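[1] Below are the sequence and a predicted model; questions follow.
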Amino acid sequence: MQDRRDFLKLGAAGLVGLFANTAMADTTEVETDFRRVKDLSEKSWKRIQKEFTIQNKLNYLNTGTMGLSPKVVRESIIQRMEFVNSTGSYSGMKQKAQERLAQMMQCDADEIAITHNVTEGINIAAWALPLNEGDEVVLTNHEHVGNALPWLNRKRKEGIEIQVLELAPTAEECLTRLKALITPKTKVIAVPHVTCTTGQVLPIKEICQLAKSRGIYTLIDGAHGVGMLNLDVKDLGCDMYASCCHKWMLGPKGTGVLYANKALIEELDSLFVGGYSDTGWTISKATSEIKGLRTDSHRFFYGTQNTALYAGIISAADFMLNIGMERVAKRIKSLNQRFVDGILSNPKFDLLTPKEQQSRGGIASFKIEGNDRLVYEDLRKEKWILRYVGESDLHCMRVSTHIYNDEGQVDDLLDKLYHA
């Protein structure tokens, strides 16, 4: 509590801008009119865009790689850093960061562990799940390295087996293929919520229901879930969900989150341990032991993290929640739909992202007649930032739309592509 009082005294004057008259406490607890408005107008979205200090003429459509943080997030980080370095007090704020992430994911705070990125969360989970040599783990043919290598590494060290789900363009066919792939040896289904390659949104709720009916664990690579979708991990029914704060949530870089269903936690081991993860320990001549691991998500915490980043996580969550995640998700998908419609209207393009509505979110991947790589590089020279996708041997371009983008920007990109 002393940390919070000191920080209040030390904090800068109220943050001016979108969240006017809001004082900085241990984070920005924003009060806006957005929660009381049914639908936001284009004028409101323009106002929100002004909270991002994007360089003049830079057209950033690559949130799938990294999200741009609004001013309120950056200010929170800086102020907390100043507080820590002027008082020598670095603890605090972890619990509030857990609570905000739990709000973003619609779960309990004691099911949330704060990590540095998705890959760290997946590594923690991959080694936590009880597996033996010969047990099978289902991955897809559209994995990011962060979900592939942890499992391949456990295969290398312990002899588990990998089964590959070849994704289909519809949710129904994906489920059909998954059912055919499951064997008595299948112990884990570890698939992306949204693929990094084509932005396909998998039918995770149905996948988790299927897994539960067969006694199979589920770990979801949710790199693109938190902040893009109106996420509810309890409704999805997954056992574990790894995500990050620095993509669609627009939070600090180098921050992530791992959800572990509290009903499952005591079944999970912890490869790394340290401060927060134990119930007690002793080293003496009489006995040397860990008395036990925590029975909540704290068993996946170990050691000191940067409290300034906790402040940024809290502010990012506040920023998104006070706009409203249902609105954010709708805006993201609306801009994506506008881009997809433009791509489908011209035969020179080949849309790789599924056309099915339920299988799409805020990412669209496509190929263009000619050399995709050259077009991508020419666009970057003109300050159009997309992502080139080499994974799964696709060699295509990927567009990610977020709330700092708008319809005019989407139309301008389509015009550029039409004349490429």
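    That came through fine.

[2] What residues of stretch 322-329 count as buried?
    Residues 322-325, 327-329 are the ones in stretch 322-329 that count as buried (16 or more other Cβ atoms under 10 Å). All C-beta spots, glycine's among them, are computed from the backbone N, C-alpha and C.

[3] Closest to residue 296 out of those residues?
    Among those, residue 325 lies closest to residue 296 (Cβ to Cβ), at 24.6 Å.

[4] Let me see the domain layout of this protein.
    Domain segmentation of the chain under automatic domain parsing yields 94-319, 326-418.

[5] which stretch among these comes nearest residue 83?
    That would be domain 94-319 among the domains of the chain, by Cβ to Cβ, at 8.4 Å.

[6] what's the span of the closest one, first residue to last?
    The first and final residues of domain 94-319 sit 18 Å from each other (Cα to Cα, to the nearest Å).

[7] ditto for stretch 227-237
    This stretch, stretch 227-237, spans 19 Å end to end (Cα to Cα).

[8] who's in contact with the closest residue to residue 102 other than its chain neighbours?
    Closest residue in space to residue 102, ignoring its immediate chain neighbours: residue 109 at 4.4 Å, by Cβ to Cβ, 6 or more residues apart in numbering. By Cβ atoms under 8 Å, 6 or more residues apart in numbering, the residues touching residue 109 are 95, 98-99, 101-102.

[9] Residue 137 too?
    Residue 137 touches 131, 151, 154, 160-163, 186-190, counting by Cβ under 8 Å, 6+ apart.

[10] Please produce JSON lines containing those residues, extended by secondary structure.
    Formatted as JSON lines, the contacts of residue 137 follow (DSSP: H, G, I helix; E, B strand; the rest coil):
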{"residue": "131", "secondary structure": "coil"}
{"residue": "151", "secondary structure": "helix"}
{"residue": "154", "secondary structure": "helix"}
{"residue": "160", "secondary structure": "coil"}
{"residue": "161", "secondary structure": "strand"}
{"residue": "162", "secondary structure": "strand"}
{"residue": "163", "secondary structure": "strand"}
{"residue": "186", "secondary structure": "strand"}
{"residue": "187", "secondary structure": "strand"}
{"residue": "188", "secondary structure": "strand"}
{"residue": "189", "secondary structure": "strand"}
{"residue": "190", "secondary structure": "strand"}
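
[11] Can you tell me which of these are buried?
    Neighbour-count burial (16+ other Cβ under 10 Å) applied to the contacts of residue 137 gives 131, 151, 154, 160, 163, 186-190.

[12] is it true that residue 221 touches residue 148?
    No: using Cβ atoms under 8 Å, residue 221 is not in contact with residue 148, being 9.4 Å away.

[13] Please say which of those two ends up with more neighbours.
    More neighbours surround residue 221 than the other of residue 221 and residue 148, with 30 against 18 (other Cβ atoms under 10 Å).

[14] rewinding a little: out of the contacts of residue 137, which one sits closest to residue 59?
    residue 190 (34.7 Å).

[15] Does the closest one touch residue 144 like I think?
    No: assessed by Cβ under 8 Å, residue 190 is found out of contact with residue 144, at 11.7 Å.

[16] Need the overlap of contacts for those two.
    Here residue 190 and residue 144 have residue 221 as joint contacts, going by Cβ under 8 Å, 6+ apart.

[17] Is residue 389 bridged to anything, and to what?
    Going by DSSP bridges, residue 389 is paired in beta bridges with residue 396.

[18] Just give me the neighbour total for it.
    When neighbours are counted by other Cβ under 10 Å, residue 389 comes out with 26.

[19] who's in contact with it?
    Counting by Cβ under 8 Å, 6+ apart, residue 389 touches 196-198, 365, 395-398.
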